[in-house]
Structures are given as C-alpha cells and as structure tokens.
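Asker: the amino acid sequence is not available; the structure is as follows:
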DNA sequence: CTAGGGTTAG
C-alpha cells in the first residue's frame, strides 16, 4: 500500500527516471521524478548512473603487492604466520601493515594478539606499531592499557608523535573523559615540539560535540580559523552533524554555506548530516532540495542517505512512503542493509503492525548475516510495547541460540515490557539474568525497574533497589529521582519525597519541570497547597518555568483540597501563558462552575473540545444565577 | 605502516 504519487517533469531529456508502479519503479524518459508524500514532495534527479563508475586510472595505478590483500582476520593471521616463518624476518614495516589492516577491520583484540606474537618472535616495534596498539586499546575502552603502551615509548627511547597523542585524545573521548582529552591537547599546544594537527583539532571538536557542547566546538573552530591549522571538511561536518542532531538545522545550514564560501566542498557525509537534521523535523521539501542539490554536485546519495530518509519517515508514521524509498534504493542498485530494514521494521512496530514487522524480519533472516543484535532488540521492543511478552521472550532465546548476545538495551526493553504488564517477578528475573550473562545494568535499567516497582506499589523494594544502585558506582540522574519522588508521593510518603526533592542540589542535581510538577502534585496530595504554590512561583524564578502539565496538576490539587478561592487566579495565570486545561481539569472546573465557585468568564478559555460538551452539562445545573463575584 | 566526521534498538 503505497500512498506515494509520482509526477514527472515534462522536459524530456535523454537521461532516464523511474516511476512508481505496484511492482516498483519503472523507467521513464524524463530527467526528474517527484515523489509526493501528502502535501510534501521529494524530487530525485536521475541523471546519475546507477553506480558511480570507478576511475580506470586508479585501477591502472594500483601498486604491486607482495602480499595478498587482507579482507578478513583469518587471512591476516595466515599471512602473519607465514611472515614469522620467513628468514630473514620481514621488517617491522611489513608487520605494521598487517596490524594496520586488521585494525581497519575493527578487529582490535586480534591486533593485540598479533602484536603479542611479534613480541614472542622478538620483532622490534616502532612508533607506528605502538600507535596502532594504543588505538586498539582505545577502541576497546581500555585506556589503562593505552597509557601503559605510552610508557613503552619512553622505555624504548621512542618519541610519541602527533598521531600518538591524537589517538590518546580520541581514546579518552571514547570513554567520555573530555577533560583529560583536553588536557593532552593543551599540553601539546604548550609543549611546542608537537603541535596539534587538523586531525587533533577534529578529534577534540568531536569530543565537545559528544558532550552536547556545540558552542565549545564552534569556539575551537574559530580558533582554528585564526591560526595556522585551518579547519577542514571533517571539522565542519562534525559540527554540522552535531547541530543537526540538536535540531539546530538553521545554524547547521549557515555553517554549511560558510564552509563552502571558504572553498571547502561538502561530501556525502556532510549532506547526510543535513538530511538527518531536516528529516527529523519532517521538512520533506527541504530534504528534497538537499537531495537535488547533492546530486547536482555529483555527490551521490548512498545507503546511509536513504536510511536517514527511511528512518525519519517511519518515525513520522509514514511507513508506506518509507517502503517506497526502500524499493527506490533497490531500483537504484543501492542495496538496503541491516539498518534500512531495521528502521522499516521499527516503523511497523510503532504502528503496532507486528505482522508486517515480522515479515521484514523474516526477509532479513532469509538474506543471511543481516540480522544483528539491534534488529532483534528492535523487534523485541515492538512486541514489548504491544505487551506481547511471550513473543518477545521467544525472540530473546532465539537470538541467544544464534550466538547473538543480548545486550543491556535488549534486556532493558524486556524488563520494561514485563513491568508494563505488571509481571514484576519476571522483570526481576531478567534483571538477574542479564547480570549473570555479563550485561551490566545501567542507570536506565534501574530507572525502568524502579518505575515498575513504584507503579506497582512496591515502594520499599524500590528503595532497596535504589540503595543497591548507589552501592554500585552508578550515579542516579534526575530521571531516577523523578521516579522515586513520584513513587513516594503515590505511596503518600510525602515527607520522604520532600526530603529527596530538597536534597537534590546537595547531590549536584538540578530539578527539572517534571521533578517540580511531581513534587507539586505530592504536596497537594499531602494537603500542603500553599507550599505547592510557593514551589510554582519558585520554578519561574529558578529558570525552570512551569508547563501546561504543571498548571493542570496544581489546579486539580487545589480543587481536590477544596481551596477554590485560589483556583481562579491559577487558571488565569495558566491561560495568560497560553496553556489550556486538559480534559480532567476541565471537568473539575465545570463542576466548580456549576457550584458557582469560579468565574465563568474563564470558561471560554478552557480546552475547546470540552467546552461544548460541558456547556450542555452546565445548562442542566445552572439556572439564571449571576456570575460569581470576587 | 599509525590519528578525526554520517544511519538502526531501551
């Protein structure tokens, strides 16, 4: 079922384009195709060849190889073994080449074991060997070992260079240790003999972006512009991507034009970042413009470009359109991959169309080696959200049988599913199971389980679990406290909730709107309406302004406490801020109106859809009374 | 022969 229409432009050229039919895209003789999604459209220009033709020059200029090209770890080990048997032994450079190639395949532990074999065979190492080794430990999140390799440099009288330091900076960043990464960077600047390169800058820029600190990243970019080491495509693309992820697409586009003004040409990665930004905002027209723009520059959309599109369409509920994009990919010889199908599957899951989700999963299974932990987790998540826990559990066992190791995310999904169907025992069993399998629960796992316990009125077990979490070195975030404070309030332990709430700042945590709203609700439940109102005022002062939910909660709280005198003022405040009452609150207000407790002049300001309904109700209760005066 | 940027799951 495809809700997609195609319009083709009238200008016929020799180049071809494709038109949608029930079986796929057909070739037409025109130079562009418009895919219409409701009122939005995509235009794809098909002047490009299906597959970019590789330059024959590079093929002719291939350097001759004395060793076969390594495409997998097995080959690497074989070649390595043969080299070890050669006499005289090949130079360290030859060994470095092997290590480098295996590292590029991301088989970092394999590199380490190869390196250890080199040591046994008394092959010397140089700066290259050790830098590759450091990089491997970095990617394995083993900074301790990386640093001990650094120690080896000095022991062997070798000088770490800009590659070594950049690798170390990257390692710290991968472990989220931005301060230490910046420390190395600053020492390089101060040292004088090993200045950061554009890659070093780019690495640190990425670090700031990872922390969500775009302004620090941009500041560093500006510093580069002033100095000798000018920012390159990667540095710009990193920041553009980060801005897009924060939905700051306009800023990203400004940086994008700035980059091009400096003569730096974008590539497919830059465009994919921008595509991601505009698609996540549902700006399909802008996405179409970008697609056309990139193709016009001979930058061809790749599988990731389309994946971004597929994913965004699915998340917007436009799965049919997403399917269309997938078929278009196939037509254009861009093979959909695991990510493509997983996104599509998630799209069906989101709409509760589990049959179709399962069908996509079956398709992936039939293609072999396409299903991974993420695709299993996605389908499991779909079943969990539909409360189909048996199917979800079956998949968990099935993936394990296939040698796929369920990770923390997989378990979190399942624990959440069990909690939502009230099977707290099963949730706790999974919680133990994951730890037995070496999958460590994270803050999110605890949040899920704590929420489940609180919602199922097991507050004492929740407190126990919270203490267990504190015992491990997991830092509770504000989400954890929101859950606990809410749980305590539901359990009518308002005093305990207050204690937690007012102790937040001493734990270095900032209450957010949700925290305050939960606390206001709790205070109202406890009959402390004036304290609740005080908190509402403080929210404004502390730069955490209340939202419509906060107002609805406090108004309901006041009404439930029969504090009707202050209700009118609160409603006024709410509507002044452009918020409206939800159905529940409106009902309560209408009841009050019926008893002449609030000013009926406020009624038209209530939620519109309930207004009509409740007016008729009002007529039954009210006769010719005069409006309440105050 | 060594270092930095993009898509999927809670």
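Answerer: Now that the structure is in, tell me what you want to look at. Being a predicted model, the structure only gives us computed values, none of them experimental. Numbering: from 1, shown residues only, chains lettered A, B, ... in the order given.

Asker: can you show me the helices along the stretch 251-400 of chain A?
Answerer: Counting by DSSP state H, counting those that start in this stretch, the stretch 251-400 of chain A has these helices, from start to end: A:268-280, A:284-296, A:303-315, A:319-331, A:338-350, A:354-367, A:373-385, A:389-401.

Asker: how about the ones you listed in CSV, adding mean pLDDT and distance to residue A:204?
Answerer: In this view, the C-beta of every residue, glycine as well, is placed from N, C-alpha and C. Output for the helices of the stretch 251-400 of chain A, formatted as CSV (pLDDT from 0 to 100; distance: least, Cβ to Cβ, whole Å):
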stretch, mean pLDDT, distance to residue A:204
helix A:268-280, 98, 19
helix A:284-296, 96, 28
helix A:303-315, 98, 25
helix A:319-331, 96, 36
helix A:338-350, 98, 28
helix A:354-367, 97, 38
helix A:373-385, 98, 29
helix A:389-401, 97, 38
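
Asker: a markdown table please, covering those helices and showing mean neighbour count.
Answerer: Output for those, formatted as a markdown table (neighbours: other Cβ atoms under 10 Å):
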| stretch | mean neighbour count |
| --- | --- |
| helix A:268-280 | 23 |
| helix A:284-296 | 18 |
| helix A:303-315 | 23 |
| helix A:319-331 | 21 |
| helix A:338-350 | 24 |
| helix A:354-367 | 16 |
| helix A:373-385 | 23 |
| helix A:389-401 | 15 |
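
Asker: same list, the ones you listed, but as JSON lines with distance to DNA strand B please.
Answerer: Converted to JSON lines, the helices of the stretch 251-400 of chain A look like this (distance: least, Cβ to the nearest atom of the strand, whole Å):
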{"stretch": "helix A:268-280", "distance to DNA strand B": "4"}
{"stretch": "helix A:284-296", "distance to DNA strand B": "10"}
{"stretch": "helix A:303-315", "distance to DNA strand B": "3"}
{"stretch": "helix A:319-331", "distance to DNA strand B": "11"}
{"stretch": "helix A:338-350", "distance to DNA strand B": "4"}
{"stretch": "helix A:354-367", "distance to DNA strand B": "10"}
{"stretch": "helix A:373-385", "distance to DNA strand B": "3"}
{"stretch": "helix A:389-401", "distance to DNA strand B": "11"}
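
Asker: any chance of those in a markdown table, plus distance to residue A:591?
Answerer: Listed next are these as a markdown table, based on distance: least, Cβ to Cβ, whole Å:
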| stretch | distance to residue A:591 |
| --- | --- |
| helix A:268-280 | 42 |
| helix A:284-296 | 45 |
| helix A:303-315 | 40 |
| helix A:319-331 | 43 |
| helix A:338-350 | 37 |
| helix A:354-367 | 42 |
| helix A:373-385 | 36 |
| helix A:389-401 | 40 |
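
Asker: and the stretch 1-150 of chain A, which of its residues are near DNA strand B?
Answerer: A:92-93, A:96-97, A:100, A:103-104, A:126-129, A:131-132, A:135 (Cβ under 7 Å from any atom of the strand).

Asker: just the buried ones from the residues you listed?
Answerer: Buried members of these, counted by 16 or more other Cβ atoms under 10 Å: A:92, A:96-97, A:100, A:103, A:127-129, A:131-132, A:135.

Asker: how far away is the nearest residue to residue A:283 once chain neighbours are set aside from residue A:258?
Answerer: In this structure, residue A:283 finds its nearest non-sequential neighbour in residue A:249, 7.5 Å apart by Cβ to Cβ, 6 or more residues apart in numbering. Residue A:249 sits 15 Å away from residue A:258, going by Cβ to Cβ, to the nearest Å.

Asker: looking at those two, which is more packed in?
Answerer: Neighbours of residue A:249 and residue A:258, each counted by other Cβ atoms under 10 Å, are more numerous for residue A:249; the result is 21 against 13.

Asker: can you give me the pLDDT of that one?
Answerer: In this model, residue A:249 is scored at 98, pLDDT.

Asker: the helix or strand harbouring residue A:169 packs against which elements?
Answerer: Counting by DSSP states H and E, the element that carries residue A:169 is helix A:162-174. Applying 3 or more Cβ pairs under 8 Å, 6 or more residues apart in numbering; DSSP states H and E, one finds that helix A:162-174 contacts helix A:127-139, helix A:143-155, helix A:178-191, helix A:198-210.

Asker: the third one close to DNA strand B?
Answerer: No - among the residues of helix A:178-191, none lie within reach of DNA strand B under Cβ under 7 Å from any atom of the strand; the closest is 10.5 Å away.

Asker: and the last one, by the same measure?
Answerer: Yes - taking Cβ under 7 Å from any atom of the strand as the criterion, helix A:198-210 and DNA strand B are in contact, through A:198-203, A:206.

Asker: could you dump those residues to TSV with neighbour count?
Answerer: Below are the residues of helix A:198-210 next to DNA strand B laid out as TSV (neighbours: other Cβ under 10 Å):
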residue	neighbour count
A:198	15
A:199	18
A:200	23
A:201	24
A:202	25
A:203	25
A:206	22
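
Asker: mind checking how far the strand or helix carrying residue A:77 is from the chain centre?
Answerer: Residue A:77 is part of helix A:73-85 when elements are defined by DSSP H and E. Here helix A:73-85 is found 39 Å from its chain centre; the criterion is Cα atoms, centre = their mean, to the nearest Å.

Asker: let me see the contact set for residue A:549.
Answerer: A:513, A:517 (Cβ atoms under 8 Å, 6 or more residues apart in numbering).

Asker: what is the neighbour count of residue A:149?
Answerer: Residue A:149 has 24 nearby residues by other Cβ under 10 Å.

Asker: again with the one 4 residues further on
Answerer: Neighbours of residue A:153 under the rule other Cβ under 10 Å: 18.

Asker: contact partners for the nearest residue to it once chain neighbours are set aside?
Answerer: Once flanking residues are discounted, residue A:153 sits nearest to residue A:160: 5.0 Å by Cβ to Cβ, 6+ apart. By Cβ under 8 Å, 6+ apart, residue A:160 lies in contact with A:127, A:130-131, A:150, A:153, A:194.
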